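*Asks:* missing the sequence, but the structure's below:
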(Lines give C-alpha, C1' and ligand atoms only; values in the text may rest on other atoms or scores of the structure.)
Protein backbone atom coordinates (compact mmCIF):
# COMPACT_ATOMS: atom_id res chain seq x y z
CA UNK A 1 0.00 0.00 0.00
CA UNK A 2 1.44 3.42 -0.90
CA UNK A 3 2.10 6.18 1.65
CA UNK A 4 -0.69 8.29 0.17
CA UNK A 5 -3.29 5.57 0.54
CA UNK A 6 -2.05 4.70 4.04
CA UNK A 7 -2.40 8.31 5.08
CA UNK A 8 -5.88 8.33 3.60
CA UNK A 9 -6.77 5.20 5.60
CA UNK A 10 -5.60 6.90 8.78
CA UNK A 11 -7.38 10.13 7.92
CA UNK A 12 -10.68 8.31 7.30
CA UNK A 13 -10.39 6.25 10.47
CA UNK A 14 -9.63 9.36 12.52
CA UNK A 15 -12.67 11.10 11.02
CA UNK A 16 -14.87 8.11 11.90
CA UNK A 17 -13.62 8.14 15.49
CA UNK A 18 -14.10 11.91 15.74
CA UNK A 19 -17.75 11.47 14.76
CA UNK A 20 -18.14 8.40 17.01
CA UNK A 21 -18.82 6.11 14.05
CA UNK A 22 -18.04 2.41 13.71
CA UNK A 23 -14.34 1.64 13.33
CA UNK A 24 -13.23 -0.37 10.29
CA UNK A 25 -11.18 -3.27 11.66
CA UNK A 26 -8.84 -3.56 8.67
CA UNK A 27 -8.14 0.18 8.68
CA UNK A 28 -7.47 0.02 12.43
CA UNK A 29 -5.02 -2.84 11.90
CA UNK A 30 -3.30 -0.79 9.19
CA UNK A 31 -2.77 1.97 11.76
CA UNK A 32 -1.23 -0.61 14.14
CA UNK A 33 1.17 -1.64 11.38
CA UNK A 34 2.12 1.97 10.70
CA UNK A 35 2.76 2.62 14.40
CA UNK A 36 4.91 -0.53 14.50
CA UNK A 37 6.90 0.65 11.49
CA UNK A 38 7.40 4.06 13.14
CA UNK A 39 8.62 2.37 16.33
CA UNK A 40 11.00 0.11 14.41
CA UNK A 41 12.45 3.04 12.49
CA UNK A 42 13.23 4.86 15.75
CA UNK A 43 15.01 1.94 17.37
CA UNK A 44 12.08 -0.01 18.82
CA UNK A 45 10.33 2.57 20.98
CA UNK A 46 7.50 4.61 19.52
CA UNK A 47 8.26 8.34 19.40
CA UNK A 48 5.08 10.42 19.54
CA UNK A 49 4.41 12.51 16.47
CA UNK A 50 1.29 14.41 17.56
CA UNK A 51 1.60 14.65 21.34
CA UNK A 52 4.39 16.08 23.46
CA UNK A 53 6.51 13.65 25.47
CA UNK A 54 4.60 14.57 28.65
CA UNK A 55 1.20 14.22 26.96
CA UNK A 56 2.25 10.84 25.59
CA UNK A 57 3.36 9.59 29.04
CA UNK A 58 -0.02 10.73 30.38
CA UNK A 59 -1.80 8.90 27.57
CA UNK A 60 0.22 5.74 28.27
CA UNK A 61 -0.79 5.84 31.93
CA UNK A 62 -4.44 6.53 31.07
CA UNK A 63 -4.66 3.66 28.58
CA UNK A 64 -2.94 1.39 31.10
CA UNK A 65 -5.64 2.21 33.64
CA UNK A 66 -8.43 1.67 31.10
CA UNK A 67 -7.19 -1.79 30.03
CA UNK A 68 -4.55 -2.90 32.54
CA UNK A 69 -2.43 -6.02 32.64
CA UNK A 70 -4.62 -8.62 34.35
CA UNK A 71 -3.84 -12.20 35.32
CA UNK A 72 -0.76 -12.16 33.13
CA UNK A 73 -2.71 -10.95 30.07
CA UNK A 74 -1.18 -7.86 28.42
CA UNK A 75 -2.98 -4.54 28.59
CA UNK A 76 -3.49 -1.55 26.33
CA UNK A 77 0.10 -0.32 26.48
CA UNK A 78 1.52 -3.67 25.34
CA UNK A 79 -1.11 -3.73 22.57
CA UNK A 80 0.18 -0.38 21.29
CA UNK A 81 -2.92 1.66 22.10
CA UNK A 82 -1.02 4.89 22.89
CA UNK A 83 0.96 4.71 19.62
CA UNK A 84 -2.22 3.86 17.68
CA UNK A 85 -4.00 6.88 19.13
CA UNK A 86 -1.04 9.21 18.50
CA UNK A 87 -0.82 8.01 14.88
CA UNK A 88 -4.45 9.02 14.37
CA UNK A 89 -3.96 12.37 16.06
CA UNK A 90 -1.29 13.28 13.52
CA UNK A 91 -3.87 13.51 10.73
CA UNK A 92 -6.87 14.89 12.60
CA UNK A 93 -6.46 18.30 14.21
CA UNK A 94 -9.87 18.07 15.93
CA UNK A 95 -8.91 14.84 17.70
CA UNK A 96 -5.47 16.22 18.51
CA UNK A 97 -7.03 19.32 20.10
CA UNK A 98 -9.45 17.12 22.08
CA UNK A 99 -6.56 15.08 23.44
CA UNK A 100 -4.42 18.11 24.25
CA UNK A 101 -7.30 19.67 26.21
CA UNK A 102 -8.31 16.38 27.83
CA UNK A 103 -4.82 15.43 28.93
CA UNK A 104 -4.31 18.94 30.34
CA UNK A 105 -7.65 18.57 32.18
CA UNK A 106 -6.40 15.31 33.74
CA UNK A 107 -3.24 17.06 34.92
CA UNK A 108 -5.12 19.96 36.49
CA UNK A 109 -7.68 17.66 38.15
CA UNK A 110 -4.87 15.55 39.59
CA UNK A 111 -2.98 18.64 40.75
CA UNK A 112 -6.11 19.61 42.70
CA UNK A 113 -5.65 16.31 44.56
CA UNK A 114 -2.05 17.21 45.48
CA UNK A 115 -0.04 15.54 42.72
CA UNK A 116 2.37 17.13 40.26
CA UNK A 117 0.52 15.67 37.26
CA UNK A 118 -1.59 12.67 36.25
CA UNK A 119 1.25 10.50 34.94
CA UNK A 120 3.30 10.70 38.17
CA UNK A 121 0.38 10.73 40.63
CA UNK A 122 -0.24 7.81 42.93
CA UNK A 123 -2.65 5.12 41.80
CA UNK A 124 -5.14 6.32 44.42
CA UNK A 125 -5.01 9.89 43.06
CA UNK A 126 -5.35 8.70 39.47
CA UNK A 127 -8.30 6.45 40.19
CA UNK A 128 -9.98 9.17 42.28
CA UNK A 129 -9.94 11.44 39.21
CA UNK A 130 -11.07 8.68 36.85
CA UNK A 131 -13.87 7.63 39.19
CA UNK A 132 -15.30 11.12 38.81
CA UNK A 133 -15.21 11.18 35.01
CA UNK A 134 -15.90 7.56 34.15
CA UNK A 135 -19.66 7.97 34.64
CA UNK A 136 -22.00 10.35 32.88
CA UNK A 137 -24.15 10.47 36.00
CA UNK A 138 -21.46 12.69 37.52
CA UNK A 139 -22.01 15.40 34.92
CA UNK A 140 -21.50 18.89 36.23
CA UNK A 141 -19.98 22.05 34.77
CA UNK A 142 -16.66 21.22 36.47
CA UNK A 143 -16.53 17.63 35.20
CA UNK A 144 -18.13 17.86 31.74
CA UNK A 145 -14.85 18.41 29.88
CA UNK A 146 -13.24 15.49 31.72
CA UNK A 147 -16.21 13.19 31.12
CA UNK A 148 -16.29 13.98 27.40
CA UNK A 149 -12.55 13.39 27.09
CA UNK A 150 -12.63 10.16 29.07
CA UNK A 151 -15.49 8.84 26.94
CA UNK A 152 -13.40 9.49 23.81
CA UNK A 153 -10.16 8.11 25.28
CA UNK A 154 -11.86 4.99 26.64
CA UNK A 155 -13.49 4.27 23.29
CA UNK A 156 -10.27 4.79 21.33
CA UNK A 157 -8.30 2.67 23.82
CA UNK A 158 -10.79 -0.18 23.48
CA UNK A 159 -10.79 0.18 19.67
CA UNK A 160 -6.99 0.14 19.64
CA UNK A 161 -6.75 -2.84 21.97
CA UNK A 162 -9.29 -5.08 20.28
CA UNK A 163 -7.96 -4.43 16.78
CA UNK A 164 -4.38 -5.26 17.82
CA UNK A 165 -2.87 -8.75 17.66
CA UNK A 166 -2.91 -8.89 21.47
CA UNK A 167 -6.57 -7.90 21.66
CA UNK A 168 -7.57 -10.38 18.98
CA UNK A 169 -5.83 -13.14 20.95
CA UNK A 170 -7.52 -11.86 24.12
CA UNK A 171 -10.99 -12.56 22.72
CA UNK A 172 -9.75 -15.88 21.34
CA UNK A 173 -10.70 -14.99 17.77
CA UNK A 174 -9.88 -17.98 15.59
CA UNK A 175 -11.02 -16.73 12.20
CA UNK A 176 -8.76 -16.09 9.25
CA UNK A 177 -6.63 -19.14 10.00
CA UNK A 178 -6.78 -22.69 8.67
CA UNK A 179 -8.03 -25.47 10.91
CA UNK A 180 -7.31 -29.15 10.57
CA UNK A 181 -10.68 -30.10 12.02
CA UNK A 182 -13.91 -28.54 13.14
CA UNK A 183 -15.15 -29.73 16.53
CA UNK A 184 -18.90 -30.02 16.47
CA UNK A 185 -20.55 -27.92 19.20
CA UNK A 186 -22.74 -30.79 20.40
CA UNK A 187 -23.71 -29.17 23.73
CA UNK A 188 -24.84 -25.98 22.00
CA UNK A 189 -26.79 -27.92 19.37
CA UNK A 190 -28.47 -30.08 22.01
CA UNK A 191 -29.42 -26.99 24.03
CA UNK A 192 -30.83 -25.23 20.97
CA UNK A 193 -32.85 -28.29 19.93
CA UNK A 194 -34.15 -28.83 23.46
CA UNK A 195 -35.34 -25.22 23.75
CA UNK A 196 -36.67 -24.79 20.23
CA UNK A 197 -40.36 -24.93 19.44
CA UNK A 198 -40.00 -27.39 16.57
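*Replies:* Nice, thanks for sending it over. Everything quoted here is computed from the prediction, not taken from an experiment.
*Asks:* tell me what the helix or strand harbouring residue 88 is packed against?
*Replies:* Here residue 88 sits within helix 81-91, counting by DSSP states H and E. Contact analysis of helix 81-91 by 3 or more CB pairs under 8 Å, 6 or more residues apart in numbering; DSSP states H and E lists helix 3-18, helix 25-41, helix 53-66, helix 93-111, helix 144-162 as its packing neighbours. The way it works is simple: take the backbone N, C-alpha and C, and place the C-beta from them, glycine included.
*Asks:* Please tell me I have it right and residue 85 contacts residue 159.
*Replies:* No: with contacts defined as CB atoms under 8 Å, residue 85 does not count as touching residue 159, sitting 9.1 Å away.
*Asks:* more neighbours, those two?
*Replies:* A direct count of neighbours by other CB atoms under 10 Å for residue 85 and residue 159 places residue 85 higher, at 30 against 23.
*Asks:* Poorly predicted segments of this structure, please.
*Replies:* Counting by pLDDT under 70, the chain has low-confidence residues at 1-24, 172-177, 179, 197-198.
*Asks:* can the helices and strands packed on helix 81-91 go into JSON lines with extra columns for distance to residue 195?
*Replies:* Compiled in JSON lines, those are given as follows (distance: least, CB to CB, whole Å):
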{"stretch": "helix 3-18", "distance to residue 195": "39"}
{"stretch": "helix 25-41", "distance to residue 195": "32"}
{"stretch": "helix 53-66", "distance to residue 195": "37"}
{"stretch": "helix 93-111", "distance to residue 195": "46"}
{"stretch": "helix 144-162", "distance to residue 195": "31"}
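*Asks:* So which of these is nearest residue 77?
*Replies:* Closest to residue 77 of the helices and strands packed on helix 81-91 is helix 53-66 (CB to CB; 4.9 Å).
*Asks:* Name the residues of that closest one that are buried.
*Replies:* For helix 53-66, the neighbour count (16 or more other CB atoms under 10 Å) marks 54-66 as buried.
*Asks:* cool, stretch 86-102 as well?
*Replies:* Neighbour-count burial for stretch 86-102, with 16+ other CB under 10 Å as criterion, is recorded at 86, 87, 88, 89, 90, 91, 92, 95, 96, 98, 99, 102.
*Asks:* ok, now which ones touch residue 67?
*Replies:* Each residue near residue 67 by CB atoms under 8 Å, 6 or more residues apart in numbering is listed here: 75, 76, 79, 81, 157, 158, 161.
*Asks:* again, 7 Å this time
*Replies:* The contact partners of residue 67, by CB atoms under 7 Å, 6 or more residues apart in numbering, come to 75, 76, 157, 161.
*Asks:* Report how many residues lie close to the second one.
*Replies:* Here the number of neighbours of residue 76 (other CB under 10 Å) works out to 29.
*Asks:* I am finished for the moment; much appreciated.
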